[in-house]
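Novice: Have a look at this prediction, sequence included:
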Amino acid sequence: MKVENLELISWTSGLTSAGLNSIQSYKLYLNGKLASRNIPYVEFENELLQIDVCEECFTVGCSSGGYVQILKSGDTVIWKQPLVTARSRLITGAYILNYGSIYWPAERFYSFLEVFRCNEKKLSEGITPMQGIDLWAIHGNKSMKTGVGLNYPLERLEENFLVVYSDVFSNEESFDVYKRARKRLGSYKQCNLIEIPHKAININVMFDIDGCGIWDCLYIMDEEIVYSIGDGYGLVFV
């Protein structure tokens, strides 16, 4: 999801089981979808941010759910399902991430932070290969409709491939491109976020499961392989 508009609606709590009363907080809507029921304040934990906070004690970290992992590449800030290695404890992603990763124009994200008087602008720049592979797999999971809170590894997605195809290449050629792209993943040292041009040739996956969508997994651009991560964005690994 590309964040085109955001809306923060203030609300005040009643008496909670923790003995708190009249706590000021916000609900967050992104493109009209409810992203968070309760953000009383913003507190970063390295790359992690909890956007759905406990409604009893209003303390970040009390509950294990509602987290996003934040990445930044150039003028784009990404919210994604937390990568396992980014977690210091067992946590789960925010419900809004079931729509896929969320892409913010950096300026709009910083305006969101300013509402909470948060001056955190020292987000780490760049996407590591591990994070990039995770973004690619997340897009595949969204296409396969694996279910709320589920994110299967690439190996599990591949078990459910029906056909890999393209409008330009044969099915066999398309599958060869996929296998070549997949094999290369372990040898990259960095990856760059790009917006995929319309002229790029796409490689798609159809899953052998009723009701699944099509995963536009790869694009060929000037003989370069681009790994699609959704909403017109892709990764070039080098």
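Specialist: Structure's in. What do you need? Numbers count the residues shown, from 1 in each chain.

Novice: So what touches the helix or strand harbouring Ser143?
Specialist: In this assignment (DSSP states H and E), Ser143 forms part of helix 129-144. Residues outside helix 129-144 that contact it (Cβ atoms under 8 Å, 6 or more residues apart in numbering): 71, 78, 80-81, 83, 85, 99-101, 127, 150-154, 157, 160, 185, 188-191, 205, 207, 209, 212-217, 227-230, 235, 237. (Glycine included, C-beta is placed from N, CA and C.)

Novice: residues of stretch 13-32 that come out buried?
Specialist: When burial is assessed from 16 or more other Cβ atoms under 10 Å, stretch 13-32 yields the following buried residues: 13, 23, 25-26, 28, 30.

Novice: Least confident of these?
Specialist: Going through the buried residues of stretch 13-32 one by one, the lowest pLDDT turns up at Ser13, 80.

Novice: How much space separates it from Val60?
Specialist: In this structure, Ser13 and Val60 are 15 Å apart, going by Cβ to Cβ, to the nearest Å.

Novice: Could I get the full set of helices for the chain?
Specialist: Along the chain, the stretches classed as helices by DSSP state H are 106-115, 129-144, 154-158, 171-184.

Novice: mind checking the end-to-end distance for stretch 118-132?
Specialist: The first residue of stretch 118-132 is 27 Å away from its last residue (Cα to Cα, to the nearest Å).

Novice: just stretch 100-114 next, same as before
Specialist: Rule used - Cα to Cα; the end-to-end distance of stretch 100-114 is 25 Å.

Novice: Give me the contacts around that stretch.
Specialist: 1-3, 6, 8, 28, 30, 35, 42, 68, 72, 74-81, 96, 119-121, 135, 138-139, 142, 229-231, 233.

Novice: which among the residues you listed end up buried?
Specialist: Of the members of those, the ones counted as buried by neighbours, 16+ other Cβ under 10 Å, are 1, 3, 6, 28, 30, 35, 42, 68, 72, 76-81, 96, 135, 138-139, 142, 229-230, 233.

Novice: in this structure, which helix or strand is least confident?
Specialist: Within the chain, no helix or strand scores below strand 44-45, which has a mean of 88 by mean pLDDT, DSSP states H and E.

Novice: what about the nearest residue to Asn160 once chain neighbours are set aside, how many neighbours?
Specialist: Nearest residue to Asn160, sequence neighbours excluded (Cβ to Cβ, 6 or more residues apart in numbering): Phe207, at 4.9 Å. By the measure other Cβ atoms under 10 Å, the count of residues near Phe207 is 21.

Novice: Could you report the separation of Phe207 from Pro129?
Specialist: Noted for Phe207: a distance of 25 Å to Pro129, by Cβ to Cβ.

Novice: so where is this structure shaky, pLDDT-wise?
Specialist: Segments of the chain classed as low confidence (criterion: pLDDT under 70) are 15-20, 84-89, 119-122, 146-150.

Novice: what's the domain layout of the protein?
Specialist: The record's domain parsing of the chain by automatic domain parsing lists 6-115, 129-237.
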